[in-house]
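K.L.:
dropping a prediction and its sequence here:
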Amino acid sequence: MITSHQGAGKQRLLQMNELEELRPESYESSRIYKERLKLFHDKTVAQKKFEPNQKRLLQMNELEELRRESYESSRIYKERLKLFHDKTVAQIKFEPNQKVLLYSSRLHMFPGKLCSRWTGPFVVKVVYPYGAVEIETPDNGKSFKVNGQHLKPFLQHFDHQESSEDLVYPLYQDTPSE
């Protein structure tokens, strides 16, 4: 039986394998380019004559083409790696008057086992495009802008004693038969 967590792990493993298959292509094309460039350089230095002839121009064009192929292969690898990374980043939408917690990165310098790295709650005032969020403290109303990726929704404490209600059990009565 595969749970959704295990399925997500397998999906990620397949994506990583796909990226690993692309990496050698990128490295191989850049290695070929470097080898051919070295051979071309060695031939021209050995000739000691730099006459512009047709063969040399063809070799230069071939090297330029190999260079473009290696850059293209590298670009494709980087694009796929970026897409893979962007899929793993969670997109959280915030709305005005929503309560949020702010990540405090200063606590990395003084790590503590039981020390929470989240401060707050704060209230979202304005949500700007490209991830910026303006939040304010409910105590004194001071507002400031932060990166939206440093925020997470605040889930208020739910007290079971306050919301307990008496349950009513329905009585099942036989309907009169005719």
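P.N.:
Here it is on my side, so go on.
K.L.:
use CA for all of it now, contacts and neighbours both
P.N.:
Fine.
K.L.:
low-confidence ranges in this protein?
P.N.:
Where the chain drops to pLDDT under 70, the residues are 1-8, 44-52, 90, 106-114, 157-178.
K.L.:
now do the helix ranked longest in it: distance to the chain's middle.
P.N.:
Longest helix in the chain, counting residues (DSSP state H): helix 4-47. Put simply, helix 4-47 sits 22 Å off its chain's centre (CA atoms, centre = their mean, to the nearest Å).
K.L.:
which residues touch the closest residue to residue 80 other than its chain neighbours?
P.N.:
Of all residues not flanking residue 80 in the chain, residue 19 sits nearest, at 7.3 Å (CA to CA, 6 or more residues apart in numbering). Residues in contact with residue 19 (CA atoms under 8 Å, 6 or more residues apart in numbering) are 77, 80, 81.
K.L.:
most neighbours out of these, which is it?
P.N.:
Within the contacts of residue 19, most neighbours by other CA atoms under 10 Å means residue 77, with 19 neighbours.
K.L.:
export stretch 24-43 to PDB, keeping only CA atoms.
P.N.:
Presented in PDB, the C-alpha positions along stretch 24-43 are these (Å, rounded to 0.1, in the frame of the first residue of the first chain):
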ATOM      1  CA  PRO A  24      26.300  13.900 -18.300                       C
ATOM      2  CA  GLU A  25      25.100  15.200 -21.700                       C
ATOM      3  CA  SER A  26      25.900  18.800 -20.600                       C
ATOM      4  CA  TYR A  27      29.300  17.800 -19.300                       C
ATOM      5  CA  GLU A  28      30.100  15.700 -22.300                       C
ATOM      6  CA  SER A  29      29.300  18.400 -24.800                       C
ATOM      7  CA  SER A  30      31.400  20.900 -22.900                       C
ATOM      8  CA  ARG A  31      34.200  18.400 -22.600                       C
ATOM      9  CA  ILE A  32      34.100  17.800 -26.400                       C
ATOM     10  CA  TYR A  33      34.200  21.500 -27.000                       C
ATOM     11  CA  LYS A  34      37.200  22.000 -24.800                       C
ATOM     12  CA  GLU A  35      39.100  19.000 -26.500                       C
ATOM     13  CA  ARG A  36      38.400  20.300 -30.000                       C
ATOM     14  CA  LEU A  37      39.400  23.800 -29.100                       C
ATOM     15  CA  LYS A  38      42.700  22.500 -27.700                       C
ATOM     16  CA  LEU A  39      43.300  20.400 -30.800                       C
ATOM     17  CA  PHE A  40      42.600  23.400 -33.000                       C
ATOM     18  CA  HIS A  41      44.900  25.600 -31.000                       C
ATOM     19  CA  ASP A  42      47.700  23.000 -31.100                       C
ATOM     20  CA  LYS A  43      47.400  22.700 -34.900                       C
END
